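1. For reference, the sequence and a predicted model appear below.
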Amino acid sequence: MRLHQDGAEASVVAGIGDPAVLADARVSYRQARQAARVAATIPPTGPAARWQDLGVFRTLAQLPTGAEAAASLDPRLSALLDQADDSVLTTLETYLDLAGDAKASAERLRLHRGTLYYRLQKAEQIAGISLRSGNDRLALHLGFKLARLIGLYPRQAGETAAAHADRRVASLWGRAALVAACWWSGEASGGSRLPACWADGEPPSSALRTPCCSPRCSRRWQRASSRCAT
């Protein structure tokens with residue numbers, strides 16, 4: 001579903017958790033949130049995603065979303081995200097999505113088979129991988145999906161590879177600083193190590209703009225920031 005307002009377009013997705021009794025409603029709610037996150041970032045699963053149908057995405061959706069997740073990406077995929085152009089990345093992900101079926105990939109992308117092979121070969125050269133290796137294909141395929149979930153892929157419209165790399169570094173630095181500041185503030189004040197609003201282990205999605213999701217945590221952030229500055 002798409003909504004239009006003031007000339008802007010927004011996609012609407014829905015996540016559905018497993019049926020649960022009232023005592024387990026929190027678990028079902030968390031599943032629904034994670035399913036909605038997958039639906040919003042992995043197009044084939046949306047616009048409505050059921051937690052029970054998400055397969056490997058059930059695991060990926062529960063991984064950390066900040067610097068830790070980015071650090072877990074295969075460095076060969078990181079090299080691709082930093083150096084390859086969008087056409088190479090799209091071609092490689094489509095090829096992996098279609099289980100290495102060159103004919104189906106060329107048809108979906110509306111490419112000549114020769115162009116498809118050229119782009120795949122270019123991806124192999126940049127990343128130093130072999131698409132004949134099952135382990136390499138698995139690492140890249142899962143890496144693409146994790147990169148989508150944590151916002152490192154795809155690049156923003158018109159963004160160059162260099163600009164994407166700069167934004168990526170800035171994003172990871174900002175999130176790492178946020179976690180460190182909130183942790184340090186909690187220790188300094190004798191409170192819990194993580195703010196109450198992070199009780200489920202997930203930092204706020206707007207970490208770069210809003211330090212935290214509650215007034216109390218915002219005050220902790222301000223105190224920690226001022227102390228670090230001095």
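-> Ah, there it is.

2. Any buried residues in stretch 21-41, and which?
-> Within stretch 21-41, the residues scored as buried using 16 or more other CB atoms under 10 Å are 28, 30-32, 34-41. C-beta coordinates here come from the backbone N, C-alpha and C atoms, glycine included.

3. from memory A123 sits against A84, does it?
-> Yes: using CB atoms under 8 Å, A123 is in contact with A84, at 6.3 Å.

4. Now do the shared contacts for the two.
-> Residues touching both A123 and A84 (CB atoms under 8 Å, 6 or more residues apart in numbering) are L92.

5. give me the low-pLDDT residue ranges for this structure?
-> In the predicted model, the chain carries pLDDT under 70 at residues 1-10, 156-230.

6. Strands of that one, start to end?
-> Taking DSSP state E to define them, one finds strands in the chain at 2-5, 8-11, 14-16, 48-50.

7. The third one: partners in the sheet, and parallel or antiparallel?
-> Which is strand 14-16. In the sheet, strand 14-16 lines up against strand 48-50 (parallel) (DSSP bridges).

8. Distance check, G66 against L80.
-> G66 is 21 Å from L80, where distance means CB to CB, to the nearest Å.

9. actually D101, not the one I wrote
-> 20 Å.

10. Look at those two and report which has more neighbours.
-> Neighbour count, other CB atoms under 10 Å: between D101 and L80, L80 has more, with 27 against 13.

11. ok, that one - contacts?
-> Going by CB under 8 Å, 6+ apart, L80 touches 88-89, 92, 123, 126-127, 140.

12. Out of these, which comes closest to R58?
-> L140 (20.2 Å; CB to CB).

13. How many residues are close by the closest one?
-> Around L140 there are 24 residues (other CB under 10 Å).

14. quick one, domains of this structure?
-> Domains of the chain are assigned by automatic domain parsing as 2-55, 67-149, 169-229.

15. Save the buried residues of stretch 21-41 as JSON lines, and put in distance to F144 too.
-> JSON lines is the format used below for the buried residues of stretch 21-41 (distance: CB to CB, whole Å):
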{"residue": "S28", "distance to F144": "28"}
{"residue": "R30", "distance to F144": "25"}
{"residue": "Q31", "distance to F144": "23"}
{"residue": "A32", "distance to F144": "24"}
{"residue": "Q34", "distance to F144": "18"}
{"residue": "A35", "distance to F144": "19"}
{"residue": "A36", "distance to F144": "20"}
{"residue": "R37", "distance to F144": "16"}
{"residue": "V38", "distance to F144": "13"}
{"residue": "A39", "distance to F144": "17"}
{"residue": "A40", "distance to F144": "16"}
{"residue": "T41", "distance to F144": "11"}
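
16. and the two most separated of the residues you listed?
-> Greatest spatial distance among these (CB to CB): S28 and T41, at 20.9 Å.

17. how deep is the closest residue to L73 other than its chain neighbours tucked in, by neighbour count?
-> Once flanking residues are discounted, L73 sits nearest to G143: 5.2 Å by CB to CB, 6 or more residues apart in numbering. Using other CB under 10 Å, G143 is surrounded by 23 other residues.

18. wouldn't G143 be in contact with L77 here?
-> Yes: at 3.9 Å, G143 counts as touching L77 under the criterion of CB under 8 Å.
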